[in-house]
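> Need the 3D shape of this:
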Amino acid sequence: MITKEKEEVLQYYNAGLEAYKKRQWDQAIDSFEKALKIDPNDGPSKVYLERTRQYKVTPPPDDWDGVFTMTTK
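I've put the predicted structure just below:
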């Protein structure tokens, strides 16, 4: 059974992911931050928050397909 908190985290995470794919960086950041406020240890929200912040500063190319490419090891 899923807890109410986890359900809220998932809702914010999914909203963030949808905004991320649409390049709506501020909205995505807000959603991932809300998810992490509920569960600071939510790994997927942490990862996507960092990626979104990077893309806000340096957006991906116009033909970006939503895939994140690591540039360092």
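> Run through the residues that contact residue 66.
Residues in contact with residue 66, defined by Cβ atoms under 8 Å, 6 or more residues apart in numbering, are 20-21. C-beta: built from backbone N, CA, C; applies to glycine.
> most centrally placed residue in the chain?
The centroid of the chain falls nearest to residue 48 when counting by Cα atoms, centre = their mean (3.4 Å).
> helix or strand for that one, which one?
Following DSSP states H and E, one finds residue 48 within helix 43-57.
> Now do residue 15: how many residues are near it, please.
17 (other Cβ atoms under 10 Å).
> Ok, residue 11 next?
Close neighbours of residue 11, defined as other Cβ under 10 Å, add up to 14.
> thinking again about what came up before, any idea how far the residue nearest to the centre of the chain is from residue 1?
Using Cβ to Cβ, to the nearest Å, we find residue 48 at a distance of 26 Å from residue 1.
> cool, and residue 35?
According to Cβ to Cβ, residue 35 stands 20 Å off from residue 1.
> and the residue nearest to the centre of the chain, what does it touch?
The neighbourhood of residue 48, defined by Cβ under 8 Å, 6+ apart, consists of 13, 16-17, 20, 28, 32.
> just checking, what packs against the longest helix along the chain?
Scanning the chain for the longest helix, with DSSP state H as the assignment, gives helix 4-21. Secondary-structure packing of helix 4-21 (3 or more Cβ pairs under 8 Å, 6 or more residues apart in numbering; DSSP states H and E): helix 25-38, helix 43-57.
> Looking at the ones you listed, which is nearest to residue 64?
helix 43-57 (8.7 Å; Cβ to Cβ).
> and the angle from that closest one to helix 25-38?
If you take axes from the mean of the first three to the mean of the last three Cα atoms, to 10 degrees, helix 43-57 sits at 150 degrees to helix 25-38.
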